[in-house]
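**Student:** what follows is a predicted protein model with its sequence.
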Amino acid sequence: MPTFAQTLRAKGVPVPEIAAKLTIAKGKNTGKRPPVASLYRARRTRRSVVPA
């Protein structure tokens with residue numbers, strides 16, 4: 001998850017609102033909004049890869 005999204009989440013902003021504020025910068029979906037499920041998935045992946 002981008003740093004901006006992490007900052008918003010730390011402030012208590014709900015994930016659907018975060019998705020509405022983000023846009024995809026690269027790839028075939030450039031300029032579109034990411035799906036909410038992708039943000040939840042990125043957040044879950046990021047938590048499971050915490051260094052020990």
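**Tutor:** Looks like it arrived, so ask away. Residues are numbered from 1 along each chain as shown.
**Student:** what segments of this structure are helices?
**Tutor:** Under the criterion DSSP state H, helices of the chain are mapped to 3-10, 15-21, 36-48.
**Student:** could I get the ones you listed as a markdown table with distance to residue 29 and mean pLDDT?
**Tutor:** C-beta coordinates here come from the backbone N, C-alpha and C atoms, glycine included. Below are the helices of the chain laid out as a markdown table (distance: least, Cβ to Cβ, whole Å; pLDDT from 0 to 100):
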| stretch | distance to residue 29 | mean pLDDT |
| --- | --- | --- |
| helix 3-10 | 16 | 85 |
| helix 15-21 | 13 | 89 |
| helix 36-48 | 10 | 77 |
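**Student:** format the ones you listed as CSV; extra columns: mean neighbour count.
**Tutor:** Listed next are the helices of the chain as CSV, based on neighbours: other Cβ atoms under 10 Å:
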stretch, mean neighbour count
helix 3-10, 13
helix 15-21, 14
helix 36-48, 12
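**Student:** these: which one's closest to residue 28?
**Tutor:** Nearest of the helices of the chain to residue 28, taken as Cβ to Cβ: helix 36-48 at 14.4 Å.
**Student:** what's in contact with the closest one?
**Tutor:** 1, 5, 9, 15-16, 18-19, 22 (Cβ atoms under 8 Å, 6 or more residues apart in numbering).
**Student:** now those in JSON lines, with distance to residue 33?
**Tutor:** As requested, the contacts of helix 36-48 are exported to JSON lines (distance: Cβ to Cβ, whole Å):
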{"residue": "1", "distance to residue 33": "14"}
{"residue": "5", "distance to residue 33": "12"}
{"residue": "9", "distance to residue 33": "16"}
{"residue": "15", "distance to residue 33": "12"}
{"residue": "16", "distance to residue 33": "10"}
{"residue": "18", "distance to residue 33": "10"}
{"residue": "19", "distance to residue 33": "6"}
{"residue": "22", "distance to residue 33": "7"}
